[in-house]
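S.K.: Predicted model, plus sequence, below.
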Amino acid sequence: MRRTIAALTGATVAALMVPTLVTVAPASAQTAQTTKTAQAAKSDPVSALKRQFRTHRGVKLTENTKIVGAGKKQRAIFTRRNGVLEFGKSGLVASDLTTKFNLPTQDGEFKGLFTPSRTISLKNVSYTSGGFFTDSMPEGKKWLRVPGGGLVLVSPVQQIISTVEPGTLKATLAHTGARRPGGTWDGTRTTVHSGTITLGELFKVSPSVRAMLGTKPTGRSATLPVTWKIYIGSDQLVRRVVSSYTESTRGLNSTELTYVNDTRYTGWGTKVTVKAPPADQVADFDELTVGADQPEEPAG
């Protein structure tokens, strides 16, 4: 028994001594492991996006949207947004975007309703110049202030898959059904990932979709398929996103509209500083002159 204990004790001591002699990896091995880890991070688009989250850095955005009604006689409505997005250490902190409409009209129909607009969005507020409220602004005021919560990119017609949101990018790419060469965008060769995700799934992960919809989609709306293509460069940054979905309403005036959004990202790492407009050019909703030129109704 004593011999057995002595043998085990000797083996234990030897085992404890071995790590001090052999577990310290050579510097070259440590460097190789660090390089491997860095390469693994570079192969992940979500990690690549998060590395862009630096103060006063951002990316340029150009986006085209087409809305097509059912039937051969239906005409498409085109919109175009372009501008810059500004990041902070935790993600999107500001944006400065201009929206233009290319609306096929007849005899001046809707003239003035879809005029170009520029929107500056900051953390808790946005400012809009032009657009629907142009003729209602007080004299000397150019910007309408719209208070709100956290910053999200929201407009009536926009890309429904916001790939500057890490959670949205990750969830969407998890539905990748195919990959193929995507050509060259923003000076880099890309791989295009394609697939389908439901509106309900997007609502769970995307702040911008939740802001767009307001309420959680249910029933057939929740299972509405959104088909997409995401073009990812060799640096794993997104260069282009194309999505489409068809929205149907059934009732007295049944309609079916297909939305096709094509977003391009260029100049990742661009220096960006988005500022609020001059205070003396800003008006609030209660200052608008809507209906001010209408005669008052006579008292009954």
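M.R.: Yes, it's here.
S.K.: so what's residue 192 closest to, chain neighbours aside?
M.R.: residue 182 (3.3 Å; CB to CB, 6 or more residues apart in numbering). C-beta: built from backbone N, CA, C; applies to glycine.
S.K.: The one you found is in what secondary structure piece?
M.R.: Under the criterion of DSSP states H and E, residue 182 resides in strand 176-185.
S.K.: tell me what that strand is packed against?
M.R.: Contacts defined by 3 or more CB pairs under 8 Å, 6 or more residues apart in numbering; DSSP states H and E place strand 176-185 against strand 188-198, strand 225-233, strand 238-249.
S.K.: That one pairs with which strands?
M.R.: strand 188-198 (antiparallel) (DSSP bridges).
S.K.: which residues sit against the partner strand?
M.R.: 161, 171-173, 175-184, 222-235, 239-240 (CB atoms under 8 Å, 6 or more residues apart in numbering).
S.K.: ChimeraX command to pick out the buried ones of the residues you listed?
M.R.: Paste this into ChimeraX to select the buried members of the contacts of strand 188-198, with burial taken from 16 or more other CB atoms under 10 Å:
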select :161,171,172,173,182,224,226,228,229,230,231,232,233,239,240
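S.K.: So for stretch 123-138, what gets flagged as buried?
M.R.: Under the neighbour-count criterion of 16+ other CB under 10 Å, stretch 123-138 has 126, 127, 128, 129, 130, 131, 133, 136, 137 buried.
S.K.: out of these, who's nearest residue 257?
M.R.: Nearest to residue 257 among the buried residues of stretch 123-138 is residue 131, at 21.2 Å by CB to CB.
S.K.: Which residues are in contact with the closest one?
M.R.: Applying CB under 8 Å, 6+ apart to residue 131 gives the contacts 99, 115, 116, 117.
S.K.: Looking at pLDDT only, which of these scores worst?
M.R.: Among the contacts of residue 131, residue 115 has the lowest pLDDT, at 81.
S.K.: How much space separates that residue from residue 277?
M.R.: Residue 115 is 18 Å from residue 277, where distance means CB to CB, to the nearest Å.
S.K.: now residue 217
M.R.: In terms of CB to CB, residue 217 sits 35 Å off from residue 277.
S.K.: now do residue 158
M.R.: For residue 158, the distance to residue 277 equals 22 Å [CB to CB].
S.K.: which one of the two has more residues nearby?
M.R.: Using other CB atoms under 10 Å, the more surrounded residue of residue 158 and residue 277 is residue 158, with 19 against 16.
S.K.: Correct me if wrong, but the more buried one is in a helix.
M.R.: No. Judged by DSSP: H, G, I helix; E, B strand; the rest coil, residue 158 forms no part of a helix; its state is coil.
S.K.: when you give positions from now on, start the count at 112
M.R.: Okay, residue one is now 112; in that scheme the one you just asked about reads as residue 269.
S.K.: Is it correct that it is in contact with residue 174?
M.R.: Yes. Assessed by CB atoms under 8 Å, residue 269 is found in contact with residue 174 at 6.8 Å.
S.K.: what do those two both touch?
M.R.: By CB under 8 Å, 6+ apart, the residues touching both residue 269 and residue 174 are 192, 372.
S.K.: looking at this protein, which helix or strand does the model trust least?
M.R.: Lowest mean confidence among the helices and strands of the chain (mean pLDDT, DSSP states H and E): helix 113-133, at a mean of 37.
S.K.: List the ones among the buried residues of stretch 234-249 that fall in strands.
M.R.: Members of these lying in strands (criterion: DSSP state E): 237, 238, 239, 240, 241.
S.K.: Make JSON lines out of those and add pLDDT and distance to residue 378.
M.R.: Converted to JSON lines, these look like this (pLDDT from 0 to 100; distance: CB to CB, whole Å):
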{"residue": "237", "pLDDT": "91", "distance to residue 378": "23"}
{"residue": "238", "pLDDT": "93", "distance to residue 378": "24"}
{"residue": "239", "pLDDT": "91", "distance to residue 378": "24"}
{"residue": "240", "pLDDT": "92", "distance to residue 378": "24"}
{"residue": "241", "pLDDT": "88", "distance to residue 378": "25"}
